[in-house]
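In: Provided below are the primary sequence and the corresponding predicted coordinates.
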Number of protein chains: 2
Amino acid sequence: MNLRSEGWNLAIIGATGAVGQEALKILEERKTPLKNLYLFASSKSAGRKVRFCGKEYTVCELDSHVFEKSLDVAFLSAGKERSLEFGGNLARQGVRIIDNSSAFRMDPHVALVVPEVNWCDYKNYKNKNIIANPNCSTIQLVMALKPLQKYGLKRVVVSTYQAVSGAGLKAMEELKEQTRDYLSGKELKNQVFPHKIAFNCLPHIDKFDDDFYSFEEKKVMQETKKILGESHLAITCTAVRVPVLGAHSESVNIEFEKPFDLDVIKKELAGFPGVKVLDNPKEHVYPLNIEAIGKNEVFVGRLRRDSSVKSGLNLWIVADNIRKGAALNAIQILEHLS
Amino acid sequence: MNLRSEGWNLAIIGATGAVGQEALKILEERKTPLKNLYLFASSKSAGRKVRFCGKEYTVCELDSHVFEKSLDVAFLSAGKERSLEFGGNLARQGVRIIDNSSAFRMDPHVALVVPEVNWCDYKNYKNKNIIANPNCSTIQLVMALKPLQKYGLKRVVVSTYQAVSGAGLKAMEELKEQTRDYLSGKELKNQVFPHKIAFNCLPHIDKFDDDFYSFEEKKVMQETKKILGESHLAITCTAVRVPVLGAHSESVNIEFEKPFDLDVIKKELAGFPGVKVLDNPKEHVYPLNIEAIGKNEVFVGRLRRDSSVKSGLNLWIVADNIRKGAALNAIQILEHLS
């Protein structure tokens, strides 16, 4: 039985958050066949009405009632704690979980999937009922690394320029409000971020580990290895929040094992599904976060040879972190299920 | 004769620009002994009154009259064209030029100086009457690299997060105005930058060369080699404008020849004149551009071992690009002259 033909019984857990909202938008755009749609959120958002495909849905509080629904798939984007509390039990009940938190990503029995990159690996993982959606910064990185993997990834150095939307809707409001207050000479208040974010760069995303890396940086390093199937990949990352509303950018330096031709690499990137090359800097053409917002593609540009190593490449990768970095990738996973 | 005792006859060319204005502020702060101060700018700013140490100065138009003044030193910060037009001739007349443009930086007869790093090299350059002030991004980078040079700089990978102040006062106004317009739902206008800068990252600073690097990126790579006296240093750079008003940040990855101890490196950085280490990320202590504005120090933090190579280090470097990155560094050069 192909569930897609009669439609999915789908739950969105975290339906009122930035990713949940974007997921609803994308499901509508892509006309994903749904039989029943259930929306869950925290008690604070419960009771809220949401329009989807011309119908009104009431958001329910996420509690044990979720286990009574007849679900095929649940998309979880309500934080790691909620995923740990509800995801495992739903999966044991036979519900297929597409989880957007970091709860299961590094579980050796759970697939961590960017469909264009490694859908083929899903069959090899033991726990078929949980599929982890990678970290937003990881997704756009592996989309650009995958078509270049054949040159041998000797080492990858990543610096991120991440949008506040990755920290949720409240964070977007905080950036706007602080900016407004700054420009009108008022005192700035911060609640979401540990420091002011208006006109400021914060080299701090998620908590810090004992080795002084942030967990965001470790996610990029560890998840990239798992997705590309290169457990010994030499990779390092510095993750920085910048005062932009949407779409993450990444400055990426790659050292290859093998020699390459820059024009061939441009073609290989352009030919990879989901990647769009924007690379004519003299004509001011390169990926820009404000132009990536609301788009499905991962944009790659500023390609140039790095002569500081034998076979080096610099590039600039931009994608909508809420779309390809989260909601779209999850829905693409759903589209691969049968 | 030590000119410092009776005071300098100093001209500031580009006196109404962001760097010229900051230079005046710093000269006043540091009580630099001046006998006569002459302020020059473009015809557009000529006639403007500027207060300095309680006295009013009239800004003169920069033209051939500058050659009639009895000058000891001229500080040029009015762009490369003006430096080429006036700098060389003033120097031939015996005036000592401290030039903030890229006009003379790579001239093999001209010293490129960050006083804490390489003042000692000045004596070895043939053209004693021109001293080049390095690019802002280069200055803060070499301030952190110098104390670590003894470990052998095998390779350096830099990604910058540069403030709009580096593009001048008009650019700062453009960021503020576009941001205001965005937040009130108005159409955004751009004149200084090739794309909108409000809530956007532009991987584009200065023009682009045929090898697809921007000249800003090439300045960082070439000037760092010259200042550190390592003409074969393996270094690459990606330069990005971010929507912050002041102070540049840099994500820097260093591969050393020799092993190092992280705590020792912290101490060595902290002990280098002009460098301040801010590095306790769990307590949310790391360099921030909004806190670096108006400060003289180069702030270094987020120090951590990069295990993707044998002896790797990641760090985050922040400094006020108009101060240590330009005006302060120039005045420190002046202070070394006698």
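Out: It's in.
In: Quick check: which ranges of chain A have low pLDDT?
Out: Scanning chain A for pLDDT under 70 picks out the ranges A:1-4.
In: switch the cut-off to 80
Out: A:1-5 (pLDDT under 80).
In: tell me the domain ranges of it?
Out: For chain A, the structural domains run A:3-133+A:326-336, A:138-321, going by automatic domain parsing.
In: out of the ones you listed, nearest to chain B?
Out: Among those, domain A:138-321 comes nearest to chain B, with 3.7 Å by CB to the nearest CB. C-betas here are computed from N, CA, C, even on glycine.
In: For that closest one, measure first residue to last.
Out: Domain A:138-321 has an end-to-end distance of 10 Å (CA to CA, to the nearest Å).
In: The closest residue to A:Gln93 other than its chain neighbours: neighbouring residues, count only.
Out: Nearest residue to A:Gln93 in three dimensions, chain neighbours excluded: A:Phe67, at 6.4 Å (CB to CB, 6 or more residues apart in numbering or on different chains). Neighbours of A:Phe67 under the rule other CB atoms under 10 Å in any protein chain shown: 12.
In: A:Phe67: what's it in contact with?
Out: Shown in contact with A:Phe67 (CB atoms under 8 Å, 6 or more residues apart in numbering or on different chains): A:89-90, A:93.
In: Adding secondary structure and neighbour count, write these out as JSON lines.
Out: As requested, the contacts of A:Phe67 are exported to JSON lines (DSSP: H, G, I helix; E, B strand; the rest coil; neighbours: other CB atoms under 10 Å in any protein chain shown):
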{"residue": "A:Asn89", "secondary structure": "helix", "neighbour count": "14"}
{"residue": "A:Leu90", "secondary structure": "helix", "neighbour count": "24"}
{"residue": "A:Gln93", "secondary structure": "coil", "neighbour count": "13"}
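In: partners of the closest residue to A:Ser43 other than its chain neighbours in the sheet?
Out: Among residues not flanking A:Ser43 along the chain, A:Glu61 sits closest, at 4.9 Å (CB to CB, 6+ apart). Beta-bridge partners of A:Glu61, counted by DSSP bridges, are A:Ala41.
In: May I have the residues that are in contact with A:Glu61?
Out: A:Glu61 touches A:40-43, A:46, counting by CB under 8 Å, 6+ apart.
In: Counting neighbours, which of those comes out on top?
Out: A:Phe40 (26 neighbours).
In: Alongside chain B, which residues does the stretch 101-250 of chain A contribute?
Out: Applying CB under 8 Å from any CB of the partner chain, one finds that the stretch 101-250 of chain A approaches chain B through A:155-157, A:159, A:161, A:176, A:179-180, A:183, A:194-196, A:199-204, A:207-208, A:211-214, A:234-236, A:238, A:240, A:242-245, A:249.
In: Now intersect these with the helices, please.
Out: With helices taken from DSSP state H, the overlap with those comprises A:176, A:179-180, A:183.
In: Most neighbours among those, which one?
Out: Neighbour tally across those (other CB under 10 Å): the maximum, 25 neighbours, falls on A:Thr179.
In: tally of neighbours for the residue nearest to that one when sequence neighbours are not counted?
Out: Using CB to CB, 6+ apart and skipping the chain neighbours, the partner closest in space to A:Thr179 is A:Ala198 (4.4 Å). The local packing of A:Ala198 (other CB under 10 Å) involves 23 other residues.
In: close enough to count as contact, A:Ala198 and A:Leu245?
Out: No - the criterion here is CB atoms under 8 Å, and A:Ala198 misses it with A:Leu245 at 11.8 Å.
In: so what's in contact with these two at the same time?
Out: Contacts common to A:Ala198 and A:Leu245, judged by CB under 8 Å, 6+ apart, are A:Leu175.
In: if we can go back for a sec, of all the contacts of A:Glu61, which two lie farthest apart?
Out: A:Phe40 and A:Ser43 (10.6 Å; CB to CB).
In: picking up where we left off before, report whether the residue nearest to A:Gln93 is found in a strand, as I expect.
Out: No - using DSSP: H, G, I helix; E, B strand; the rest coil, the assignment for A:Phe67 is helix, not a strand.
In: how close does it sit to A:Gly47?
Out: Distance, A:Phe67 to A:Gly47, using CB to CB, to the nearest Å: 20 Å.
In: what do you get for A:Phe193?
Out: For A:Phe193, the distance to A:Gly47 - CB to CB - is 29 Å.
In: what about those two, which has more around it?
Out: Counted by other CB under 10 Å, A:Phe193 and A:Gly47 do not tie: A:Phe193 has more neighbours, with 20 against 11.
In: so who does the more buried one touch?
Out: With contact set as CB under 8 Å, 6+ apart, A:Phe193 has these partners: A:164, A:167, A:171, A:174, A:202, A:241.
In: Most neighbours of all the residues you listed, which one?
Out: A:Val164 (27 neighbours).
In: That one is in contact with A:Val240, isn't it?
Out: No - the pair A:Val164 / A:Val240 is not scored as a contact, 11.8 Å apart, by CB under 8 Å.
In: helix or strand for the nearest residue to A:Ala319 once chain neighbours are set aside, which one?
Out: Nearest in space to A:Ala319, with sequence neighbours left out and distances taken as CB to CB, 6+ apart, is A:Gln140 at 3.9 Å. Using DSSP states H and E, A:Gln140 maps to helix A:136-145.
In: residues in contact with that helix?
Out: Here helix A:136-145 has contacts from A:114, A:116-118, A:134, A:153, A:156, A:158, A:160, A:162, A:166, A:216, A:219-220, A:223-224, A:227-228, A:237, A:239, A:248, A:250, A:252, A:254, A:269, A:272, A:274-275, A:298, A:300, A:315, A:317-319, A:321-322, A:324-326, A:329, using CB under 8 Å, 6+ apart.
In: among the residues you listed, which are in helices?
Out: Within the contacts of helix A:136-145, residues falling in helices by DSSP H are A:116-118, A:216, A:219-220, A:223-224, A:227-228, A:269, A:329.
In: list the contacts for A:Glu291?
Out: A:Phe299.
In: Now it, what are its backbone angles?
Out: With angles defined as degrees, to the nearest 10, A:Glu291 sits at phi -90, psi -10.
In: Return the distance of it relative to B:Ser251.
Out: The gap separating A:Glu291 from B:Ser251 is 23 Å, by CB to CB.
In: swap in A:Arg105?
Out: A:Arg105 is 24 Å from B:Ser251, by CB to CB.
In: more neighbours, these two?
Out: Remark: of A:Arg105 and B:Ser251, B:Ser251 carries more neighbours, 28 against 22, as counted by other CB under 10 Å.
In: how much space between the residue nearest to A:Ser43 and B:Val157?
Out: Applying CB to CB to A:Glu61 and B:Val157 gives a distance of 48 Å.
In: which stretches of the stretch 151-300 of chain A form strands?
Out: Remark: strands assigned in the stretch 151-300 of chain A by DSSP state E, counting those that start in this stretch are A:153-161, A:235-238, A:248-256, A:275-277, A:298-306.
In: Of all the ones you listed, which one is nearest A:Asn36?
Out: strand A:298-306 (32.2 Å).
In: How far off centre is that closest one?
Out: Centre-to-centre, strand A:298-306 and its host chain are 20 Å apart (CA atoms, centre = their mean, to the nearest Å).
In: Report the strands that pair with it, each with its relative direction.
Out: In the sheet, strand A:298-306 lines up against strand A:275-277 (parallel), strand A:312-319 (antiparallel) (DSSP bridges).
In: ok, back up a step: show the buried residues in the residues of the stretch 101-250 of chain A next to chain B.
Out: With burial judged by 16 or more other CB atoms under 10 Å in any protein chain shown, the buried subset of these is A:155-157, A:159, A:161, A:176, A:179-180, A:195-196, A:199-204, A:208, A:212-214, A:234-236, A:238, A:240, A:242-245, A:249.
In: Let me know the outermost residue of chain A.
Out: Largest separation from the mean C-alpha position in chain A: A:Gly185, at 35.5 Å (CA atoms, centre = their mean).
In: show me the contacts for that one.
Out: With contact set as CB under 8 Å, 6+ apart, A:Gly185 has no partners.
In: Noted, bye for now.
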